[in-house]
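Peer 1: got a predicted model here, sequence first, then my questions.
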Amino acid sequence: MAALLEIEDLSFYYHDGTPALKGVSLSIGEGEKVAILGPNGAGKSTLLFHLNGIFLAQQGTVRVAGEVVTRDNEHRVREKVGLVFQDPDDQVFSPTVWDDVAFGPLNLGLERQEIERRVEEALHAVGMWEYRSRAPHHLSYGQKKRVAIAGVLAMDPDVVVLDEPTAFLDPAGQRALLKILEGLHGEGKTVIIATHDVDMAAEWATSIILLKEGRVLAQGDTCLLVNEELVQAAGLRFPLVSQVFQDFITGNKQLLPRTVAEGKKVLRKLTGI
Ligand SMILES: Nc1ncnc2c1ncn2[C@@H]1O[C@H](COP(=O)(O)OP(=O)(O)OP(=O)(O)O)[C@@H](O)[C@H]1O
């Protein structure tokens, strides 16, 4: 089966000549949970902007469901791929939270009842239903972020892309976000995040993409997060769970536990408890 998202040799330069992407090629299958990691300035946000047609390829191609993204189909692509921006102030602008989340479904031309159903469901999903009459600019950063996520959920896209979704969320908010992402995945959606949170990536992702200086260093499973050479090159660190076991499990680092559940399993084996 063809990949849902296919990027081939994508390069992108900003107006001032800054090269942000240099020959990026990658593919993402339907239903995957993808974490894109890399240091500041690696090109993560620039790459995400290409996934739903906000940026069009200057060199190379971006395919969504087999279709090359162009100016002619960018609107259709945006219905398929929803993007939650890194900064909610770039996304949340309506007079009330309710209006903001309803904005996308309204533009889809849906019936009033369906719009109301979607807005209610999306606001409940992010725990912001009680705030529906509030002005978004009077909310905290984390609350605005939740509203921005609800705005994308209400569009019901096949692919949900989130730029730094956990940044500025409190621990309960981060747990709630993970639950939302799991729920989306359970509905069969493909979920892609850009993040600096190695621990979350290790716990959650089925596929890891490491970016650096506009290039893909590697794409694979969460084993990449305990590959010393790659982790160093990408300016990352091992997941905390892996660090705990690093000195006790010698030899093949790929066998290091990467999640809390894996860590517990190893401990049970070692201690017999
Ligand atoms: N509007 C812009 N004009 C010029 N250069 C830009 C612009 N936006 C980003 N860049 C540059 O493009 C490169 C990639 O930036 P991008 O924001 O995609 O990185 P990132 O991996 O998302 O970084 P971060 O982790 O800090 O969010 C960087 O060198 C950055 O300085």
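Peer 2: Here it is on my side, so go on.
Peer 1: tell me where the stretch 51-200 of the chain has strands.
Peer 2: 59-64, 67-68, 81-84, 159-163, 190-194 (DSSP state E, counting those that start in this stretch).
Peer 1: let's have those strands in JSON lines, adding distance to residue 16, mean neighbour count and mean pLDDT.
Peer 2: For the C-beta atoms, the positions are set from N, CA and C on the backbone; glycine is no exception. Output for the strands of the stretch 51-200 of the chain, formatted as JSON lines (distance: least, Cβ to Cβ, whole Å; neighbours: other Cβ atoms under 10 Å; pLDDT from 0 to 100):
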{"stretch": "strand 59-64", "distance to residue 16": "17", "mean neighbour count": "18", "mean pLDDT": "96"}
{"stretch": "strand 67-68", "distance to residue 16": "27", "mean neighbour count": "14", "mean pLDDT": "94"}
{"stretch": "strand 81-84", "distance to residue 16": "23", "mean neighbour count": "24", "mean pLDDT": "95"}
{"stretch": "strand 159-163", "distance to residue 16": "21", "mean neighbour count": "24", "mean pLDDT": "96"}
{"stretch": "strand 190-194", "distance to residue 16": "22", "mean neighbour count": "24", "mean pLDDT": "97"}
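Peer 1: for those, which one sits closest to the ligand?
Peer 2: strand 190-194 (6.2 Å; Cβ to the nearest ligand atom).
Peer 1: take the strands of the stretch 51-200 of the chain and write them to a markdown table, including distance to residue 14.
Peer 2: Shown next, in a markdown table, are these (distance: least, Cβ to Cβ, whole Å):
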| stretch | distance to residue 14 |
| --- | --- |
| strand 59-64 | 14 |
| strand 67-68 | 22 |
| strand 81-84 | 18 |
| strand 159-163 | 17 |
| strand 190-194 | 17 |
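Peer 1: for the ones you listed, give me CSV that also has distance to the ligand.
Peer 2: Formatted as CSV, the strands of the stretch 51-200 of the chain follow (distance: least, Cβ to the nearest ligand atom, whole Å):
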stretch, distance to the ligand
strand 59-64, 15
strand 67-68, 22
strand 81-84, 13
strand 159-163, 7
strand 190-194, 6
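Peer 1: residue 43: which of these is closest?
Peer 2: Closest approach to residue 43 among those is made by strand 190-194 (9.6 Å; Cβ to Cβ).
Peer 1: what does the closest one rub up against?
Peer 2: Under the contact criterion Cβ atoms under 8 Å, 6 or more residues apart in numbering, strand 190-194 has outside partners 4-5, 28-37, 44-45, 47-48, 51, 86, 158-165, 181, 184-185, 201, 205.
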